[in-house]
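>>> would you be able to build a 3D model of this:
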Amino acid sequence: MPVLGLGGWRIGDDPVKEREEIKCVCACADSGVTLLDTAEMYGNGNSERLFGKAIKAIGREKLFITDKILPCNANAGKFFTSLENSLKRLGTDRIDLYLLHWHENEDIGEVVRLMQTAVKQGKILHWGVSNFDTDDMQRLFGCEGGKSCFENQVLYNVSSRGIEFDLLPFCKSNGVQVAAYSPLGSDLPQRRKTDAKLKKIAESAGVKPDALKLAFVIRSGIQAIFKTGNINHLEDNLKCLDVDISQYMPLIDGLFPPPDRKIPLKTI
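I've put the predicted structure just below:
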C-alpha cells in the first residue's frame with residue numbers, strides 16, 4: 001500500500017484543465033504516489049473518467065486504485081451496475097479497493113455480502129468503508145464477513161485529531177488500514193490559520209506547512225490522500241517523507257492537543 005495517495009475530488013470537472021490535470025496525475029505516479037483515490041460521486045463520474053485517461057498513459061499495473069460507491073447504490077438492485085459503470089469509466093477490469101462512501105440506511109450485512117461477491121468475481125481485490133466511527137465499525141464487525149474490511153477512510157489532519165482517542169486504536173487492533181482524506185485541512189480559512197500556527201515548525205523542518213501536515217498524518221501508518229493539481233505543490237508535499245516528525249510532535253501537540261475524550265467523527 002502506498003503511504004500517499006492522490007485524491008480525485010473535483011478533478012475532471014473543467015475540460016480546460018484536463019490536460020494539466022492528467023499531466024499532474026502522471027507526475028504523481030512517476031514520483032511514487034501510485035494510489036489514485038476517486039468515487040462515482042465525484043463530478044458524477046468525471047473524476048473516474050479523467051483518472052481513466054491517466055491510467056491508460058501510466059499503465060494499470062503500476063497503480064493502486066481506490067473507488068467508492070454511494071450508499072443509495074449499495075444494494076442488490078444497483079450494486080453491480082454501479083460497479084461496472086465505475087470500471088468502464090476507469091478503463092480497467094478491477095478496482096484494488098472499493099469503499100462504501102458513507103453509511104445511511106443501507107443493510108450493512110447485504111453490503112458486506114455484495115462486496116465479498118465482487119471480490120470472488122475478481123472485480124475488486126479488497127473492500128472497505130469510509131466515514132465509519134467506532135460504533136459503526138463495531139456494527140460492521142458484528143456482520144458475517146465484516147471483519148474482512150480492509151480499510152476505513154476518514155477525515156483526519158493536525159487540527160482534526162478526534163480519531164486518535166478510540167477509532168484509530170480500534171482499527172489498528174483489528175487490522176483495518178486507516179486512510180485520511182483532507183489531510184491538509186478541509187476548510188480554507190481554518191487551513192490558513194493552521195498553516196500560520198505551523199509556519200515556524202515547518203521552517204525548522206525545512207519544509208512548507210503542507211509537507212509538515214502530511215508527515216504528521218503518516219507518522220503512525222495512516223495513509224494520506226491529498227489533492228494537488230500543481231507539480232510544484234506535489235514536489236513540496238513529497239518532502240514530507242524526509243521529515244523526522246517525532247522531534248516536532250511536542251510542539252505540534254502544544255498547538256493542536258490530542259483528544260482526551262471521545263469526539264464524534266467529523267465528516268465533509
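>>> and the gap between the residue lying closest to residue 3 once chain neighbours are set aside and residue 184?
Spatial nearest neighbour of residue 3, chain neighbours left out: residue 218 (5.2 Å); criterion: Cβ to Cβ, 6 or more residues apart in numbering. Heads up, the C-betas are built off the backbone N, CA and C, glycines and all. According to Cβ to Cβ, to the nearest Å, residue 218 stands 12 Å off from residue 184.
>>> ok, those two, which is more surrounded?
residue 184 (23 against 19; other Cβ atoms under 10 Å).
>>> what about residue 79, how many residues nearby?
Residue 79, neighbours per other Cβ under 10 Å, totals 20.
>>> tell me the contacts of it?
69, 73, 114, 118 (Cβ atoms under 8 Å, 6 or more residues apart in numbering).
>>> can you pull the buried residues of the one helix or strand residue 88 maps to?
Per DSSP states H and E: residue 88 is located in helix 79-90. By neighbour count on 16 or more other Cβ atoms under 10 Å, the buried set for helix 79-90 is 79, 82, 83, 86, 87, 89, 90.
>>> before we move on, what about stretch 117-126?
118, 119, 123, 124, 126.
>>> which residue, other than its chain neighbours, is closest to the first one?
Right, residue 118. Going by Cβ to Cβ, 6+ apart, residue 118 has residue 124 as its nearest residue, at 4.6 Å.
>>> next: the second one.
The shortest distance from residue 119 to any residue other than its chain neighbours is 6.5 Å, reached at residue 127 (Cβ to Cβ, 6+ apart).
>>> got it, and residue 39?
What sits nearest to residue 39 in space, not counting adjacent residues and going by Cβ to Cβ, 6+ apart, is residue 68, at 3.7 Å.
>>> the stretch 51-200 of the chain: helices as residue ranges?
79-90, 108-120, 134-141, 167-173, 188-205 (DSSP state H, counting those that start in this stretch).
>>> in CSV: the ones you listed, plus mean pLDDT and distance to residue 263.
Below are the helices of the stretch 51-200 of the chain laid out as CSV (pLDDT from 0 to 100; distance: least, Cβ to Cβ, whole Å):
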stretch, mean pLDDT, distance to residue 263
helix 79-90, 98, 32
helix 108-120, 98, 23
helix 134-141, 97, 11
helix 167-173, 98, 9
helix 188-205, 94, 16
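>>> could you dump those helices to CSV with distance to residue 46?
Output for those, formatted as CSV (distance: least, Cβ to Cβ, whole Å):
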stretch, distance to residue 46
helix 79-90, 9
helix 108-120, 23
helix 134-141, 29
helix 167-173, 31
helix 188-205, 22
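>>> who's residue 65 bridged to?
residue 36 (DSSP bridges).
>>> what's the burial count for it?
27.
>>> now residue 61: how far from residue 147?
30 Å.
>>> which one's more surrounded, these two?
For residue 61 versus residue 147, neighbours defined as other Cβ under 10 Å are more numerous around residue 147 (13 against 5).
>>> ok, that one touching residue 128?
No. Under the criterion of Cβ atoms under 8 Å, residue 147 is not in contact with residue 128, lying 11.9 Å apart.
>>> pretty sure the residue nearest to residue 118 is in contact with residue 115, am I right?
Yes. The pair residue 124 / residue 115 is scored as a contact, 7.1 Å apart, by Cβ under 8 Å.
>>> need the residues touching each of these two.
With Cβ under 8 Å, 6+ apart as the test, residue 124 and residue 115 both reach residue 98.
>>> cheers, nothing more for now.
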